[in-house]
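Trainee: sequence and predicted structure below; questions after.
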Amino acid sequence: QSVLTQSPSVSAAPGQKVTISCSGTSFNIGSNYVSWYQQLPGTVPKLLIHDNNERPSGIPDRFSGSKSGTSATLGITGLQTGDEADYYCGTWDSSLNAGVFGTGTKVTVL
Amino acid sequence: EVQLVESGGGLVQPGGSLRLSCAASGFTFSDYWMTWVRQAPGKGLEWVANVRQDGREKRYMASAKGRFTISRDNTKNSLYLQMNSLRAEDTAVYHCARVDWIDEGINYWGQGTLVSVSS
């Protein structure tokens, strides 16, 4: 059972913007850094965002991250068909003393 | 090039054991926390365990405590996961991963090895 809650799915037309939310508690998102991952069908996850809002080298600035309180958000602008994937948030939970992932959000490009 | 290659998965009966291995290359293995993440068929990601650079600190998901043991051999650039008392719900692809960023920010993932627990 995932500790972090995400909406199951979101969709938009090419070129539009989508936001994916990740809800947690003071023990995880509220006190630790959040990462975001993209998992294309049949592939391993790929890191999009670390430390709440930092992009690794090679990740386009269409992807952005933010955090407020016990929630985090991933934004994708200029949506492309290649962005169709599952997206997961992740962080550390200081109460569980364990890593935690979100439930995942499926992005569909209409 | 960073490479993480898992092995050791397979079909095992409930209550059985398996030892997963992960061979790391392309980086200084002893510099990084390492972690195991699993994904059941058609399901989401689930963090399993991690181990500090020197192997002395280890953390586990609740359902793995007492059943799984994570370890590493820095002389062999290898990560391990000993899994005992396996249950059907442990069926998943197990990924070895390198933690690059604070609070389990994972930058590199292995392709995974499939563990199937069934009678």
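Mentor: Noted; the coordinates are in hand.

Trainee: which residues are in contact with the residue nearest to the spatial centre of chain B?
Mentor: Centroid check for chain B by CA atoms, centre = their mean gives residue B:36 as the closest residue, at 2.9 Å. Each residue near residue B:36 by CB atoms under 8 Å, 6 or more residues apart in numbering or on different chains is listed here: B:20, B:48-50, B:70, B:79, B:81, B:94-97. For every residue, glycine as well, the C-beta is placed using N, CA and C.

Trainee: do that again at 7 Å, thanks
Mentor: B:48-49, B:70, B:81, B:94-96 (CB atoms under 7 Å, 6 or more residues apart in numbering or on different chains).

Trainee: quick check: beta-bridge partners of residue A:12?
Mentor: Taking DSSP bridges, one finds residue A:109 as the beta-bridge partners of residue A:12.

Trainee: near chain B, which residues of chain A?
Mentor: Neighbours of chain B within chain A, by CB under 7 Å from any CB of the partner chain: A:2, A:32-33, A:35, A:44-45, A:47, A:50-51, A:56, A:88, A:90-92, A:96-101, A:103-104.

Trainee: quick one on the thing from earlier: and the pLDDT at the residue nearest to the centre of chain B?
Mentor: pLDDT, the model's per-residue confidence, is 98 for residue B:36.

Trainee: my guess is it is in a strand, correct?
Mentor: Yes. Assigned with DSSP: H, G, I helix; E, B strand; the rest coil, residue B:36 falls within a strand.

Trainee: and the residue nearest to it when sequence neighbours are not counted, which helix or strand is it part of?
Mentor: The shortest distance from residue B:36 to any non-neighbouring residue, by CB to CB, 6 or more residues apart in numbering or on different chains, is to residue B:48 (4.2 Å). Per DSSP states H and E: residue B:48 is located in strand B:45-51.

Trainee: one step back: I figured the residue nearest to residue B:36 hits residue B:37, correct?
Mentor: Yes. Using CB atoms under 7 Å, residue B:48 is in contact with residue B:37, at 6.2 Å.
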